[in-house]
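Peer 1: can you look at this prediction? I've put the sequence above it.
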Amino acid sequence: MSDENSQRITGRRADYSKWVIIFCLGVLVFLGLFYYATQKIKYNWRWNRTPIYFAYQDDIDVTAEIDGEVSSIKTEGGQVTITVKGVGEEERYTAPAKGLQVDEGEYISYGDTLASHKEWKPGLLVIGLWITLKISVMSTIFGVIIGIISGLMRISDNPALRWTSIVYVELIRGSPLMVQILIWYFVLGTLINDLLYAYGFGQIPAFWYGVASLACFAGAYVSEIVRAGIQSIHRGQTEAARSLGMSYAQSMRYIILPQALRRILPPLAGQFISLIKDSSLLGIIAIRELTKAAREAVTATLQPFEVYILLGLLYLVLTFTLSMYVQHLERRMATS
């Protein structure tokens with residue numbers, strides 16, 4: 001029997017290795033075909049220019065804001081402090097010592113350059129990536145909260161709560177996300193900002209209306225996922241919890257929801273991955289998320305293929321990372 005088992009194990013390993021090799025060959029063939037296709041396009045590829053989409057060095061000039069004389073220049077720790085004395089006023093400026101362009105006692109005018117230096121700044125794609133991450137995380141958090149509340153309302157015995165949840169879910173799922181974003185920003189946003197202005201408060205930026213629109217959109221789908229997960233748990237467990245003296249809220253918190261979470265985690269992950277990609281629509285309300293930043297880069301550099309390929313890879317990194325993390329959570333929950 002031991003020989004038969006060892007032969008089976010050896011055979012399985014050989015089959016596994018064979019399919020791994022086939023998969024790797026398939027990937028190589030796909031990459032080769034993709035490269036061949038790119039070479040057939042009548043396009044001048046300029047990948048050497050793509051690093052500026054992630055980071056670049058900007059020239060920073062420190063200019064005088066008054067007319068006067070450079071009364072003193074003090075250097076300390078690689079930084080220089082320039083003091084300019086004018087008529088009845090004095091200004092101090094700090095800059096790297098290497099970029100100093102004036103001498104002590106020199107007379108300068110308003111707008112003259114006192115010092116200059118180079119400073120690393122994030123590129124358009126990095127800025128857009130950071131905004132997309134913030135929007136996605138916040139929308140996911142609020143979407144889960146809305147979805148759980150709506151899902152519990154959907155299975156409630158109270159008809160007002162149940163019908164409210166049904167109307168919300170069907171309204172959100174039955175209308176395009178772009179329309180919802182426009183309503184949130186141009187209709188609700190205008191109303192809310194007008195009321196805030198009337199009472200002396202500041203305006204809410206477009207960023208938060210984008211978060212609200214995505215959270216409400218995701219919440220409708222999360223609501224149905226939560227409802228299905230709760231209803232998949234046998235009703236007898238709820239009755240057993242109630243017979244032990246637990247309230248409805250306690251039975252949901254300690255008995256039903258922990259079990260339902262294991263079942264709804266995969267569809268929730270799919271919904272959150274879709275949410276990351278759905279954030280690309282927020283450019284219509286002037287939010288510089290990743291896709292809008294890519295469009296700005298294309299407009300400035302006229303390099304559409306390089307920019308959009310990088311855009312796709314960045315979205316792939318985001319969604320693949322989230323997918324791997326969810327699979328890790330599934331394995332942990334399965335062994336706990």
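Peer 2: It's in. Everything numeric here is computed off the predicted structure, so don't read it as measured data. Residues are numbered from 1 along each chain as shown.
Peer 1: for the stretch 151-300 of the chain, give me the ranges with low pLDDT.
Peer 2: By pLDDT under 70, the stretch 151-300 of the chain has no low-scoring segment.
Peer 1: all helices of it, in order?
Peer 2: Using DSSP state H, counting those that start in this stretch, the helices assigned to the stretch 151-300 of the chain run over residues 159-173, 177-182, 189-198, 206-231, 235-243, 248-251, 257-278, 290-301.
Peer 1: how big is the angle separating the longest one from helix 235-243?
Peer 2: Just to be clear, that refers to helix 206-231. Compare the direction of helix 206-231 with that of helix 235-243 by axes from the mean of the first three to the mean of the last three C-alpha atoms, to 10 degrees and you get 90 degrees.
Peer 1: helices or strands up against helix 206-231?
Peer 2: Under the contact criterion of 3 or more C-beta pairs under 8 Å, 6 or more residues apart in numbering; DSSP states H and E, the helices and strands touching helix 206-231 comprise helix 124-154, helix 159-173, helix 177-182, helix 257-278. Placement of C-beta: from N, CA and C, glycine included.
Peer 1: of those, flag the one that's most buried.
Peer 2: helix 124-154 (a mean of 20; mean count of other C-beta atoms under 10 Å).
Peer 1: so how far is stretch 149-168 from its chain's centroid?
Peer 2: 30 Å (C-alpha atoms, centre = their mean, to the nearest Å).
Peer 1: quick check: end-to-end length of it?
Peer 2: This stretch, stretch 149-168, spans 12 Å end to end (C-alpha to C-alpha, to the nearest Å).
Peer 1: any idea how far residue 275 is from the residue nearest the centre of the chain?
Peer 2: The centre of the chain sits closest to residue 133, judged by C-alpha atoms, centre = their mean, with a distance of 1.8 Å. As judged by C-beta to C-beta, to the nearest Å, residue 133 and residue 275 stand 12 Å apart.
Peer 1: show me the one of the helices and strands packed on helix 206-231 that comes nearest residue 94.
Peer 2: Nearest to residue 94 among the helices and strands packed on helix 206-231 is helix 124-154 (25.9 Å), distances taken as C-beta to C-beta.
Peer 1: phi and psi next, for residue 289.
Peer 2: Dihedral angles phi and psi of residue 289 (degrees, to the nearest 10) take the values phi -80, psi -170.
Peer 1: okay, helices next: where are they in the stretch 1-150 of the chain?
Peer 2: Listed from the start of the chain, the stretch 1-150 of the chain has helices (DSSP H, counting those that start in this stretch) covering 2-40, 124-154.
Peer 1: least reliable of the ones you listed going by mean pLDDT?
Peer 2: In terms of average pLDDT, helix 2-40 trails the rest of these, at a mean of 82.
Peer 1: how far out from the middle of the chain is it?
Peer 2: What separates the centre of helix 2-40 from the centre of its chain is 34 Å, taken as C-alpha atoms, centre = their mean.
Peer 1: show me how the protein divides into domains.
Peer 2: Domain assignment for the chain, taken from automatic domain parsing, gives 1-42, 55-122, 124-335.
Peer 1: of these, which is nearest residue 49?
Peer 2: Among these, the nearest to residue 49 by C-beta to C-beta is domain 124-335 (6.6 Å).
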